[in-house]
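[1] Sequence and predicted structure are below.
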Amino acid sequence: MNGLFNFFRAKARRGTAEVTALHRPVTRVLAIVACALGMCAAIPANAACVFSAGSFKTGSVDMGSITVPPNVPVGTVLATKQVSSSSILGQESFTCGNNLVTTVSFAMSGSATSNIYPTNIPGIGIRIYAWSSQTYYTSPTTPTLTPNSWTFSYSQASGAYGMGYQQFRFDLVATGPVSNSGTDMLSYNVAPWISVAANDGSGQMAIANLALTATVTTPTCSVVNSRIPVFLPTILVDNFNTGSTGTSGFSLDLNCTAGVKVGVTLTDATNPSNTSTTLSLSPDSTATGVGLQILKESTPIAYGADSPAADNLNQWSAGTSVGGAMSIPLTAQYVRTTGALNAGTVKGLATFTMSYQ
């Protein structure tokens, strides 16, 4: 068509009168010939991208409150949420013109490791999937990791790409040791998150931003009293004989977040390698032939190393916190040991270490 147009322009330059006579008829003939050859539909509409329905928005996604266990394995999904586009962006559709190949893009922010992007809280990353709930142009119909993009085009002048079928899934994933000491408010933002552009460069437009939030808590307990004195009654040697006697109750008092599984290890401070159920006497004790035991209910507790590890030797379960104050009742008692039984003072020192799961 450009060749024909240039030919008539060259002919027209032979005389002004001829230009006047030929200009209008030639224009009409060219239009008729072009349409007859089927070329009208192939002329793209070079319009800017515009919304057909809706407008630019920020999609707000609240993942809620997340409790992160200590020592959570890398790759663990801490929280997941699936939403439709209409639930966070409303009803949106847009066009960049008919007969144009157009690309819809879904972006991420930050630098990914194995398709997981960092959030503002160390140890927690995010991955996002996007797909269409029904077959729609070239949109995938199964969850597809972003960043990603797909194309569409339509021939009708009134066509538009709608987001009604669009689905998203957000996964918060453990990427390492979680530290929320700086803040417990997780956030992840992408701007722009969704955009559209005509492949011929004639138009482009941001469709939406993303603002994702969550509240992160780590299971923890605080000890109400870090030093707990326990006083046993005075007993006569003649009444001691063998076995155990003379008891006194006490408790380990904590404040814990709800759902925390509390493990406890008692350690013999005088002999840290002690793994028996008898607490060693401290060097300033003067009695002999006697030791101490700490019982949970009626069972003597064995001692172990001072460690919060979940599999620590002789660690025992104190139960699961309902949130707030938590009291662990225990009992101390004398116990007869080997050797001569002589009167005197009896002192022992034990420490306790908490493990939160």
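    That came in fine, so what should we check first?
[2] Next, the distance between the ends of stretch 88-100.
    28 Å (Cα to Cα, to the nearest Å).
[3] what separates the residue nearest the centre of the chain from S87, distance-wise?
    Central residue of the chain (Cα atoms, centre = their mean): L172, 2.4 Å from the mean position. Separation of L172 from S87 (Cβ to Cβ, to the nearest Å): 19 Å. In short, each C-beta sits where N, CA and C put it, glycine included.
[4] Now do the same contact list for the spatially closest residue to Q134 that is not a sequence neighbour.
    Nearest non-adjacent residue to Q134, counting by Cβ to Cβ, 6 or more residues apart in numbering: Y165, 4.9 Å away. Applying Cβ atoms under 8 Å, 6 or more residues apart in numbering to Y165 gives the contacts 85, 132-134, 136, 139.
[5] elements contacting whichever strand or helix holds the residue nearest to the centre of the chain?
    Assigned by DSSP states H and E, L172 falls within strand 166-174. Judged by 3 or more Cβ pairs under 8 Å, 6 or more residues apart in numbering; DSSP states H and E, the packing partners of strand 166-174 are strand 57-67, strand 77-84, helix 85-89, strand 124-132.
[6] hang on, R169 packs against V77?
    No. Applying Cβ atoms under 8 Å, one finds R169 not in contact with V77, separated by 10.7 Å.
[7] What distance do you get for the residue nearest to Q134 to S132?
    Using Cβ to Cβ, Y165 is found at 4 Å from S132.
[8] Check the contact lists of the two and give me the overlap.
    Shared contacts of Y165 and S132 (Cβ under 8 Å, 6+ apart): S139.
[9] ok, which stretches of the stretch 201-350 of the chain are helices?
    In the stretch 201-350 of the chain, the helices defined using DSSP state H, counting those that start in this stretch lie at 237-240.
[10] Strands along that one, start to end?
    With DSSP state E, counting those that start in this stretch, the ranges of strands along the stretch 201-350 of the chain come out as 204-217, 221-223, 244-256, 261-268, 290-296, 299-300, 316-320, 324-336, 350-356.
[11] Quick check: closest non-adjacent residue to M354.
    Using Cβ to Cβ, 6+ apart, the closest residue to M354 is C221 (5.6 Å).
[12] Might you report the residue contacts of that neighbour?
    254-257, 260, 262, 321, 326, 354, 356.
[13] got a winner among those residues for most neighbours?
    Greatest neighbour count in those, by other Cβ atoms under 10 Å, goes to V260: 27 neighbours.
[14] Correct me if wrong: that one contacts T217.
    No. In this structure, V260 is not within contact of T217 by Cβ under 8 Å, at 9.9 Å.
[15] Domains in this structure, by residue range?
    50-217, 221-356 (the TED database).
[16] just to revisit the earlier point, the strand holding L172 to strand 204-217, inter-axis angle?
    Counting by axes from the mean of the first three to the mean of the last three Cα atoms, to 10 degrees, strand 166-174 lies at 40 degrees to strand 204-217.
[17] hang on, T278 packs against R336?
    No. T278 sits out of contact with R336 when judged by Cβ under 8 Å, with a separation of 9.9 Å.
[18] Name the residue in those two with the higher neighbour count.
    Per other Cβ under 10 Å, whichever of T278 and R336 has more neighbours is T278, with 19 against 16.
[19] What sits closest to the more buried one if chain neighbours are left out?
    Using Cβ to Cβ, 6+ apart, the nearest residue to T278 is G291, at 4.2 Å.
[20] Burial check on the one you found, number of neighbours?
    G291: 21 neighbours (other Cβ under 10 Å).
[21] who's in contact with it?
    278-281, 334-337, 348.
[22] Buried members of the residues you listed into PyMOL, please.
    Buried subset of the contacts of G291, written as a PyMOL selection, criterion 16 or more other Cβ atoms under 10 Å:
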select buried, resi 278+279+280+281+334+335+336+348
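[23] which of the contacts of G291 lies closest to V104?
    Lowest distance from V104 to those (Cβ to Cβ) belongs to L279, with 69.3 Å.
[24] ok, now how distant is that closest one from D268?
    Distance from L279 to D268, by Cβ to Cβ: 6 Å.
[25] List the beta-bridge partners for P300.
    Counting by DSSP bridges, P300 forms beta bridges with L295.
[26] ok so, going back, just the pLDDT for the residue nearest to T278.
    Reading off the confidence values, G291 has pLDDT 90.
[27] That one and G249: what is the separation?
    For G291 relative to G249 (Cβ to Cβ), the value is 19 Å.
[28] before we move on, the earlier item: from the domains of the chain, which stretch is densest packed?
    domain 50-217 (a mean of 17; mean count of other Cβ atoms under 10 Å).
[29] Ends of that one, what's the gap?
    Using Cα to Cα, first and last residues of domain 50-217 are 43 Å apart.
[30] so how far is it from its chain's centroid?
    15 Å (Cα atoms, centre = their mean, to the nearest Å).
[31] Right, I'll call it a day here.
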